[in-house]
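# Give the three-dimensional model of this entry:
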Amino acid sequence: MSTPFYVSPQQAMADRAEYARKGIARGRSLVVLQYADGIVFVGENPSRALHKFSEIYDRIGFAAAGKYNEYENLRIGGVRYADLRGYTYDRDDVTARGLANVYAQTLGTIFSSAAEKPYEVELVVAEVGETPEGDQIYRLPHDGSIVDEHGSVAVGGNAEQISGYLDQRHRDGMTLAEALELAVQSLSRDTNGSEREIPAERLEVAVLDRTRPQKRKFRRIGARQLARLLEAGGAETTAEADAETDSGGDVE
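Next up, the predicted model:
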């Protein structure tokens, strides 16, 4: 009888992590940014039916990169958890932190189980607060860890390069048009640093808008409204550059 091939636990986990990362990287990137009135989700998605962004509960949004069937199962599970908790206790008891903990347990269990392959997904759970200081953004990689993010976050594709671009340019108090302009600029950058044009029709955009009078703060932004916002963002950027030039400031 032959001796079974031995693989150390450390090597097995490293192989599973590498498998999941490669699967996530094959998908298109998406970004989540805070702006003055809430949180905006932006991603390249030519499909009008298979969404990357969804509403989970009143003030909570969900974003995912990777295999659609896997993160769709997680999204549905999150909606069921939120509905049950809100019905059993109180609507205010449904929080992004609680939902992130549930997702972390699920992803961590699947990742450490030798009986099935790890999920090729990376999630973002965001909750809009009454003020910008109350906003919460959590990133959940494939292994079930939780990363508390502030300002901006990118997942999927070339997320590392996009995150660096956003960290240098994102600022507090941006308007929605400015945040959208920055998000599209970051997504338009290829791995080699060159830029490409992404038409508004190929973008999926949604926001958690704290100024909405309804309890439910999630809404989608259609292609026409998105095109107007992008034009407004470009006009604001040009106006700022002109003002710096007139005042003798440096323009990058």
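# so where is the stretch 101-250 of the chain shaky, pLDDT-wise?
Counting by pLDDT under 70, the stretch 101-250 of the chain has low-confidence residues at 190-194, 233-250.
# Do a quick rundown of the strands in it.
121-127, 136-140, 147-149, 152-155, 203-209, 218-221 (DSSP state E, counting those that start in this stretch).
# strands paired with the fifth one, and their directions?
Spelled out, that is strand 203-209. Using DSSP bridges, the strands paired with strand 203-209 are strand 38-44 (antiparallel), strand 218-221 (antiparallel).
# and E149, which of those strands is closest to it?
Of all these, strand 38-44 sits nearest to E149, with 10.7 Å by C-beta to C-beta. (C-beta placed from N, C-alpha, C; glycine too.)
# Could you identify which of the strands paired with strand 203-209 is most buried?
Each of the strands paired with strand 203-209 was scored by mean neighbour count; the highest is strand 38-44, a mean of 26, by mean count of other C-beta atoms under 10 Å.
# Put the alpha carbons of that strand into CSV.
In CSV, the C-alpha atoms belonging to strand 38-44 read as follows (Å, rounded to 0.1, in the frame of the first residue of the first chain):
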residue,chain,number,x,y,z
GLY,A,38,-23.5,59.1,1.9
ILE,A,39,-21.6,56.2,0.2
VAL,A,40,-21.4,55.5,-3.5
PHE,A,41,-20.8,52.1,-5.2
VAL,A,42,-19.2,52.1,-8.7
GLY,A,43,-18.2,49.2,-10.9
GLU,A,44,-17.9,48.2,-14.5
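# Give me the phi and psi for the closest residue to K67 other than its chain neighbours.
Sequence neighbours aside, E120 is the residue nearest to K67 in space, at 4.7 Å (criterion: C-beta to C-beta, 6 or more residues apart in numbering). Here is the backbone geometry of E120 (degrees, to the nearest 10): phi -90, psi 70.
# State the distance from E120 to D143.
12 Å (C-beta to C-beta, to the nearest Å).
# what do the two both touch?
Contact criterion C-beta atoms under 8 Å, 6 or more residues apart in numbering; residues shared by E120 and D143: A20.
# In this structure T175 contacts L33, no?
No. Taking contacts as C-beta atoms under 8 Å, T175 lies outside contact range of L33: 11.5 Å.
# Looking at these two, which has the bigger crowd around it?
Comparing T175 with L33 by other C-beta atoms under 10 Å, the one with more neighbours is L33, at 26 against 15.
# so what's that one up against?
Contacts of L33 (C-beta under 8 Å, 6+ apart): 39-40, 42, 151-152, 166, 170, 174, 179, 182-183.
# Please convert the buried members of those into PyMOL selection syntax.
A single PyMOL command selects the buried members of the contacts of L33 (16 or more other C-beta atoms under 10 Å):
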select buried, resi 39+40+42+152+166+170+174+179+182+183
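# And the helices in the protein, which stretches?
9-25, 68-88, 96-112, 159-169, 176-187, 223-246 (DSSP state H).
# Tell me which of those helices lies nearest to I60.
Using C-beta to C-beta, the helices of the chain put helix 96-112 closest to I60, at 5.3 Å.
# Give me the contact list for the closest one.
Against helix 96-112 from outside (C-beta under 8 Å, 6+ apart): 13, 16-17, 20, 56-57, 60, 74, 77-78, 81-82, 85, 116, 118-119, 121, 123, 125-127, 136-138, 140-146.
# Give me the neighbour count for Q168.
Q168, neighbours per other C-beta under 10 Å, totals 8.
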